[in-house]
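A.B. asks: make a model of this:
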Amino acid sequence: MKWQAIIQHIESATGQPFKLTKAQPLSGGDINAAYRLQAENLSFFVKLNSPNRLSMFEAEAAGLEALAQVQSVRVPGLIACGQTSGHAFLVLEYIALNSLNTNSAQLLGQQLARQHLIEQPYFGWHRDNTIGSTVQVNGQYHDWIKFWQEQRLGYQLKLAAAKGYGGRLQALGEKLCTNLEPLFSGYQPQPALLHGDLWGGNAAADEQGNPVIFDPACYFGDRETDLAMTELFGGFGSAFYQAYQAVYPLDSGYARRKTLYNLYHILNHLNLFGRSYLHQAENMIEKILSD
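C.D. replies: Numbering: from 1, shown residues only. The predicted structure follows:
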């Protein structure tokens, strides 16, 4: 790997020289290659992909900047984003990360709640981005149910149909999309800035114990979608949820709606990783319809 072109972007962004001493490959992602670029007293985190993935990195950079602007949960600082002859790249502040403990999880709950308390002007976002490697469409809506029908469930179901997942999944999905209103009886979601992909692999703590979130798929939406995803792959622990509730209590209907919100991610997994997620998606739709 020839790093000089990216180093020039780093030096231009920071206004100081960067003499590379080590490029350390990092594990953990399945979409991008990741490295820690080290100089004597300075490090950066770099993601690489093919040049045609530049827009994916640009959208991630926009999400990180949006999260940074609300000054609630820490996110890695954006250094540079661009393209060389062989790669698209994203350069971020390097943060040494540790697993969340009880204290950092509690802080994360408080800080995420404060982020969600800031009301945004509409549902959707100013640009499309990605959820995993799938395009996530983000039109601007004032009707949350219509946004979820069209931009989330409907879009994933169309992708699934194009991949050959028809029949029962599509019949159930169509029935669900036309029967969402009862799940929102007495509940009016307010648009909040969402991380959008907030599972345990995208949250950690820095060396001072402050929570850090990363790899966002941001948009403005119902805050319950962020909370639902934290529960999808094991949860963040009771300290996180108690702290969130103390700052911004959840509506009693959340327990029913969280399956709806997590269905989006399971459909995305079906489209990304294959048939092993099909029955889970169908069973989730049946559960939501029965509720």
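A.B. asks: which residues of the protein score low on pLDDT?
C.D. replies: Counting by pLDDT under 70, the ranges of the chain that qualify are 28-29.
A.B. asks: domain assignment for it?
C.D. replies: Per automatic domain parsing, the structural domains of the chain span 4-93, 102-290.
A.B. asks: quick one: contacts of stretch 88-95?
C.D. replies: By CB atoms under 8 Å, 6 or more residues apart in numbering, the residues outside stretch 88-95 that reach it are 6, 9-10, 13, 36-37, 43-54, 56-57, 60-61, 64, 76-83, 206, 212, 214. Quick note: C-beta positions are derived from backbone N, CA and C, even for glycine.
A.B. asks: enumerate the positions of it that are buried.
C.D. replies: 88-92, 94-95 (16 or more other CB atoms under 10 Å).
A.B. asks: same question, stretch 41-61
C.D. replies: Residues of stretch 41-61 classed as buried: 43-49, 53-54, 56-61 (neighbour count, 16+ other CB under 10 Å).
A.B. asks: for the stretch 151-291 of the chain, what spans make up the strands?
C.D. replies: Taking DSSP state E, counting those that start in this stretch, the strands of the stretch 151-291 of the chain run over residues 191-194, 203-205, 211-213, 219-222.
A.B. asks: tell me the most buried of these?
C.D. replies: strand 219-222 (a mean of 28; mean count of other CB atoms under 10 Å).
A.B. asks: and it, what does it pack onto?
C.D. replies: Contact here means 3 or more CB pairs under 8 Å, 6 or more residues apart in numbering; DSSP states H and E; on that basis strand 219-222 packs against helix 144-147, strand 191-194.
A.B. asks: coming back round to it: so which of the strands of the stretch 151-291 of the chain gets nearest Gly154?
C.D. replies: strand 219-222 (15.1 Å; CB to CB).
A.B. asks: list of residues touching that closest one?
C.D. replies: Under CB under 8 Å, 6+ apart, the answer for strand 219-222 is 120-125, 129, 136, 138, 144, 147, 189-194, 196, 257, 261.
A.B. asks: swap in stretch 47-59?
C.D. replies: Residues contacting stretch 47-59 (CB under 8 Å, 6+ apart): 29, 31-35, 81-90, 92, 127-130, 133.
A.B. asks: got the CA coordinates for it in PDB?
C.D. replies: The C-alpha coordinates for stretch 47-59 follow below in PDB (Å, rounded to 0.1, in the frame of the first residue of the first chain):
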ATOM      1  CA  LYS A  47     -10.700   3.300   6.200                       C
ATOM      2  CA  LEU A  48     -10.100   2.200   2.600                       C
ATOM      3  CA  ASN A  49     -12.400   0.900  -0.100                       C
ATOM      4  CA  SER A  50     -12.600   0.900  -3.900                       C
ATOM      5  CA  PRO A  51     -12.800   4.400  -5.600                       C
ATOM      6  CA  ASN A  52     -16.500   3.900  -6.400                       C
ATOM      7  CA  ARG A  53     -17.300   3.800  -2.700                       C
ATOM      8  CA  LEU A  54     -16.300   7.500  -2.100                       C
ATOM      9  CA  SER A  55     -20.000   8.500  -1.700                       C
ATOM     10  CA  MET A  56     -20.300   6.000   1.200                       C
ATOM     11  CA  PHE A  57     -17.400   7.600   3.000                       C
ATOM     12  CA  GLU A  58     -18.700  11.100   2.300                       C
ATOM     13  CA  ALA A  59     -22.100  10.100   3.800                       C
END
